[in-house]
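> Take this sequence and fold it.
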Amino acid sequence: MAVGLKTWDAAGNLIIDTATRMSRVIGMTGVSAGATGSITDAGFATGAPYCIALRVSAGTPTGIDNSLVSPIISFSGTTMSYNVASPAGDHLLIYGVY
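Sure thing, here's the model as predicted:
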């Protein structure tokens, strides 16, 4: 007999099974407009890393549409690097793996 987790909705459609990739939040940090830096965490090696950047302040008007400016995030091994351009405003970075 097979072993694992399977979840169906009310209509009988399979929602989750052992092949479903689900995310795990490793941590979060607040970063200011203009900040650059990196975060090293061994947890990044346990799956495909991701980062969600939530803007928490509007930033400084610069004549461009600030809603289109977002932080530059990159991953290398167990390190996540970020660069928050000044017009982007302050952000909350939520990072993890899936």
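
> tell me the contacts of the nearest residue to residue 23 once chain neighbours are set aside?
In this structure, residue 23 finds its nearest non-sequential neighbour in residue 98, 4.0 Å apart by C-beta to C-beta, 6 or more residues apart in numbering. (Glycine included, C-beta is placed from N, CA and C.) Contacts of residue 98 were listed using C-beta atoms under 8 Å, 6 or more residues apart in numbering, and they are 21, 22, 23, 24, 47, 48, 50.

> ok, and the most crowded of the residues you listed?
residue 50 (18 neighbours; other C-beta atoms under 10 Å).

> and stretch 56-71, average pLDDT?
Here stretch 56-71 scores 63 as its mean pLDDT.

> The residue nearest to residue 23 and residue 44, how far apart?
11 Å (C-beta to C-beta, to the nearest Å).

> Kindly report the same for residue 33.
Distance from residue 33 to residue 44, by C-beta to C-beta: 25 Å.

> One more: residue 36?
Taking C-beta to C-beta, one finds residue 36 at 18 Å from residue 44.

> And these two? Which one has more around it.
Per other C-beta under 10 Å, whichever of residue 36 and residue 44 has more neighbours is residue 44, with 21 against 12.
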